[in-house]
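Peer 1: Here's my sequence, what's the structure:
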Amino acid sequence: MASAPCFPGNGVERVDDRKMLSGIIPVIQKGLRWVNALAAYGPHKTFYNPVAAAGETRVFLS
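Peer 2: Numbering: from 1, shown residues only. Take a look at the predicted model:
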């Protein structure tokens, strides 16, 4: 009997963390808007959502 996962996903496959960081870094370094992120790394929401979530939790404040 298979058990259900404790934290079911939303049906979207997780993006590789290295690929996500590779998309975030140029946006921050060059001061680009998220919608202008390189398409080679996937849709801009892939990068924006984790950064926005970290900002809401104030992770980047010293």
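Peer 1: ok, the spatially most central residue of the chain - contacts?
Peer 2: Centroid-nearest residue in the chain, with Cα atoms, centre = their mean: Phe47, separated by 3.5 Å. Shown in contact with Phe47 (Cβ atoms under 8 Å, 6 or more residues apart in numbering): 20, 23-24, 27, 34, 37, 41. (Glycine included, C-beta is placed from N, CA and C.)
Peer 1: Please identify which pair of the residues you listed lies farthest apart.
Peer 2: Met20 and Trp34 (12.5 Å; Cβ to Cβ).
Peer 1: and the residue nearest to the centre of the chain, what helix or strand is that in?
Peer 2: Using DSSP states H and E, Phe47 sits within helix 44-56.
Peer 1: Please spell out which residues along the one helix or strand in the chain whose mean pLDDT sits lowest are buried.
Peer 2: When each helix and strand of the chain is scored by mean pLDDT, DSSP states H and E, helix 44-56 comes last, with a mean of 78. Buried residues in helix 44-56, defined by neighbour count with 16 or more other Cβ atoms under 10 Å: 44, 46-48, 51.
Peer 1: neighbours around Val27, how many?
Peer 2: Neighbour count for Val27, taken as other Cβ atoms under 10 Å: 20.
Peer 1: again, but for the one 3 residues further on
Peer 2: Lys30: 8 surrounding residues under other Cβ under 10 Å.
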